[in-house]
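In: What follows is a protein structure lacking sequence information:
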């Protein structure tokens, strides 16, 4: 225990004798720690801002497709299920936290064995 006090006494004497070096060392440590904290804070802030912007852009949206799966152009029209306006109304009424639904109809690619263009219906729910 006596040695510990001796080491502390010797350290304080060295700090007092080399005031300029001690001040510059403390300044370097303070600047280093401050810059690390600042860089981490800026990184976290930018990350949350980008995440919020992406979430506001398209977050919380679900898309349901009918008229064949996304890559399935061989599905027949008999297998396709179409969304009706009643489906949209039921989803908005019965499911909590649904703000609205939109019906989007897009043409699919033309099948080789059929002359008409197939339509794919998409339901966007937010």
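Out: Looks like it arrived, so ask away. Note that the structure is a prediction, hence the values are computed from the model and not measured.
In: Backbone dihedrals for residue 95, please?
Out: Taking degrees, to the nearest 10, you get phi -100, psi 130 for the backbone angles of residue 95.
In: Over to residue 61?
Out: Torsion angles, degrees, to the nearest 10, at residue 61: phi -100, psi 140.
In: likewise residue 62?
Out: phi -120, psi 140.
In: Also residue 101?
Out: The phi/psi pair for residue 101 (degrees, to the nearest 10) is phi -140, psi 150.
In: Tell me, how many residues neighbour residue 21?
Out: As a burial measure, residue 21 scores 11 neighbours (other C-beta atoms under 10 Å). Any C-beta I mention is one placed from the backbone N, CA and C, and that applies to glycine too.
In: Can you tell me the element it falls in?
Out: helix 19-58 (DSSP states H and E).
In: just residue 64 next, same as before
Out: Counting by DSSP H and E, residue 64 is part of strand 62-66.
In: Can you list the low-confidence ranges for the chain?
Out: Scanning the chain for pLDDT under 70 picks out the ranges 58-59, 65-81, 105-126.
In: 80 instead, please
Out: 54-85, 88, 96-126 (pLDDT under 80).
In: What is the burial count for residue 62?
Out: Counted with other C-beta under 10 Å, residue 62 comes out at 11.
In: partner residues bridging it?
Out: Counting by DSSP bridges, residue 62 is bridged to residue 125.
In: Surely residue 99 is in a helix?
Out: No: counting by DSSP: H, G, I helix; E, B strand; the rest coil, residue 99 is located in no helix; its state is coil.
In: Next one: it from residue 60, what distance?
Out: Computed with C-beta to C-beta, to the nearest Å, the distance linking residue 99 and residue 60 is 9 Å.
In: Same question for residue 101.
Out: Applying C-beta to C-beta to residue 101 and residue 60 gives a distance of 13 Å.
In: more crowded one of those two?
Out: Using other C-beta under 10 Å, the more surrounded residue of residue 101 and residue 60 is residue 101, with 20 against 11.
In: hang on, the more buried one packs against residue 91?
Out: Yes: the criterion here is C-beta atoms under 8 Å, and residue 101 meets it with residue 91 at 5.5 Å.
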